[in-house]
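**Student:** What follows is a predicted protein model with its sequence.
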Amino acid sequence: MKDIRNFCIIAHIDHGKSTLADRLLDATQTVTEREQKEQLLDNMDLERERGITIKSHAIQMDYSLNGQKYRLNLIDTPGHVDFSYEVSRSISACEGALLVVDAAQGIQAQTISNLYLAIEHDLEIIPIMNKIDLPSANPEEVADQIIDLIGCKREDILSVSAKSGMGVPELLEAIVDRIPAPEGDAEAPLQAVIFDSVFNPFRGIEAIFRIKNGQIRKGEKVKFMATGKTYEADEIGVLRLNKEPRSFLGAGDVGYIISGIKEAKEVKVGDTITTVERPAEEAVSGFEDVKPMVFAGIYPVDTEEFEELRGALEKLRLNDASLTFEAETSAALGFGFRCGFLGMLHME
């Protein structure tokens, strides 16, 4: 566990989170030149088309410093306020956060709100000024803003250009030096928190979790505490660019589990996984329920497609726990759903 570092990248919209993640992946040689492309972690078509991050993405990197090997788990997060629920889930799986600030624009609204989320979870904050090679950059002014906001020293702030890769080696050293290793008891009963889930049409639901205490082995019987259902761990592993199966994961690791779950209702984000043989006494405290801000009625064009729409919404909710919906009827439109969203962009 001493060699693991879990951290996420938080910043305002378009301050360069996903590009910085690309440079970190290049510097640690996680990605071969052939697989390399811009904003590599943004794998949804919608994210590529708009150039924004919507889902959080986790990936593991290997890094060596002074002859010791480290495993870095990076989680890239979205910047828009509509997706702040994603950010809060990612933060709960980390011990540190890279706070990225654009050297031309300075500190903005989403910088501050994401920072407060990180401080609530007692994360170690590493302040970074990005885009310092821009002609309009104001590094001194922005550095003063950051010092006022977090109360750090001037020499703690790292200057980076995510586009050219300048300053990235120093950043990797700072991650290893400043972010604490995860705490947890490898001998205790298993407690793993699910912070994301993905629907795979061939293999059922993949739950992505972070182990707080204990360890999990392939083929072991596991229990999801919120629903009380038990499954066999058909496959567990770590998230590289592609999934890499492992036979064993221990405390502090971030990984995925595939256990042939078909129904979206059976996996709740924020749920705790434990083993059937030695169950944990209590679940890890989860996330607060989210309050929707924007409501929209969604109706099928043909009333016979009502069940298909319900299935599609359930699969969507699996991937995005902040979506709420309930059935409703209308005299003019027939049967449909009333859906709640966190903002106008989220609704699109």
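**Tutor:** Nice, thanks for sending it over.
**Student:** what helix or strand does Gly311 sit in?
**Tutor:** Element membership of Gly311, judged by DSSP states H and E, is helix 306-319.
**Student:** now that helix: mean pLDDT?
**Tutor:** Helix 306-319 carries an average pLDDT of 75.
**Student:** That helix - contacts with which helices or strands?
**Tutor:** Contacts defined by 3 or more C-beta pairs under 8 Å, 6 or more residues apart in numbering; DSSP states H and E place helix 306-319 against strand 191-200, strand 324-330, strand 334-341. The way it works is simple: take the backbone N, C-alpha and C, and place the C-beta from them, glycine included.
**Student:** neighbouring strands for the second one, and are they parallel or not?
**Tutor:** Within its sheet, strand 324-330 is paired with strand 334-341 (antiparallel), according to DSSP bridges.
**Student:** ditto for the first one
**Tutor:** Strand 191-200 has the following sheet partners, assigned by DSSP bridges: strand 204-213 (antiparallel), strand 272-275 (antiparallel).
**Student:** Tell me what angle it forms with helix 306-319.
**Tutor:** 140 degrees (axes from the mean of the first three to the mean of the last three C-alpha atoms, to 10 degrees).
**Student:** got the buried residues for strand 191-200?
**Tutor:** Buried residues in strand 191-200, defined by neighbour count with 16 or more other C-beta atoms under 10 Å: 191-197, 199.
**Student:** Next: the shortest one.
**Tutor:** For strand 324-330, the neighbour count (16+ other C-beta under 10 Å) marks 324-325 as buried.
**Student:** got a list of contacts for that strand?
**Tutor:** Strand 324-330 is contacted by residues 290, 292, 297-299, 310, 313, 317, 335-340 when judged by C-beta atoms under 8 Å, 6 or more residues apart in numbering.
**Student:** Equivalent analysis for the last one, please.
**Tutor:** Contacts made with strand 334-341 from outside it, assessed by C-beta under 8 Å, 6+ apart, are listed as 82, 292-300, 303, 306, 309-310, 313, 322-330, 347.
**Student:** Tell me the gap between that strand and the middle of its chain.
**Tutor:** 28 Å (C-alpha atoms, centre = their mean, to the nearest Å).
**Student:** Might you list the low-confidence residue ranges for this structure?
**Tutor:** Across the chain, the ranges flagged by pLDDT under 70 are 1, 17, 30-57, 76-90, 241, 264-265, 283-291, 318-323, 333, 340-348.
**Student:** per the record, what domains does it have?
**Tutor:** 4-178, 191-275, 294-347 (automatic domain parsing).
**Student:** contacting residues around Val176?
**Tutor:** By C-beta under 8 Å, 6+ apart, the contact set of Val176 is 5, 63, 65, 70, 72.
**Student:** My guess is the last one contacts Met61. True?
**Tutor:** Yes - with the criterion set as C-beta atoms under 8 Å, Leu72 and Met61 qualify as a contacting pair; they are 4.5 Å apart.
**Student:** so what sits against both of these two?
**Tutor:** Common contact partners of Leu72 and Met61 (C-beta under 8 Å, 6+ apart): 24, 28.
**Student:** Confirm that Ala21 sits in a helix.
**Tutor:** Yes - if the criterion is DSSP: H, G, I helix; E, B strand; the rest coil, then Ala21 is within a helix.
**Student:** My guess is it contacts Leu74. True?
**Tutor:** Yes - counting by C-beta under 8 Å, Ala21 touches Leu74, with 6.2 Å between them.
**Student:** tell me, what's touching these two both at once?
**Tutor:** Taking C-beta under 8 Å, 6+ apart as the criterion, Ala21 and Leu74 both touch 9, 59.
**Student:** Identify whichever of the helices and strands packed on helix 306-319 lies nearest to Phe224.
**Tutor:** Nearest to Phe224, of all the helices and strands packed on helix 306-319, is strand 191-200, at 8.0 Å by C-beta to C-beta.
**Student:** Could you count how many residues lie near Phe295?
**Tutor:** Phe295 sits with 12 neighbouring residues when counted by other C-beta atoms under 10 Å.
**Student:** With Arg246 instead?
**Tutor:** 15.
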